[in-house]
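Enquirer: Predicted model and sequence follow; I will ask about them next.
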Amino acid sequence: MDPLLQWPTKFCATVTVAVYVVSVITGNVSQVDRLWTFLPTIYTGYYALLPLWPSEPYLGVFPYTPKEGSLSASKDFSPRALMIFSMVVSVIYSREMDN
């Protein structure tokens, strides 16, 4: 597996298990609907801010940049990822301002 996909895969698995457990406990199977606003922002923010993350995870789901990852990805910001992240954040912010 590509080292830069390790954290997103772990995070996705953790969210999947947590949502399933909560849906079984509460009987509400639409728990994931509440997360659709935040998950794209989290994944986009991970790649946009990749040089800022530590090389070792502090907690199980805290983002990090693996040491085995691409040096350019862990040292330089991606202009494309930053632009997409700013667009996602601005869409969420504009939705909140409308409500």
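Expert: Sure thing, it's come through. All figures in this text were calculated on a predicted structure; none of them were measured in a lab.

Enquirer: all helices in this structure, in order from the N-terminus.
Expert: 6-26, 39-48, 71-75, 79-98 (DSSP state H).

Enquirer: of these, which approaches residue 58 most closely?
Expert: helix 6-26 (12.0 Å; CB to CB). Bear in mind the C-beta positions are built from the backbone N, C-alpha and C, glycine included.

Enquirer: mind listing what's buried in the closest one?
Expert: 6, 7, 11, 15, 19 (16 or more other CB atoms under 10 Å).

Enquirer: Looking at the residues you listed, which is nearest residue 88?
Expert: Nearest to residue 88 among the buried residues of helix 6-26, with distances taken as CB to CB, is residue 11, at 16.5 Å.

Enquirer: so residue 8 sits right up against residue 43, yeah?
Expert: Yes: with contact defined as CB atoms under 8 Å, residue 8 reaches residue 43; the gap is 6.0 Å.
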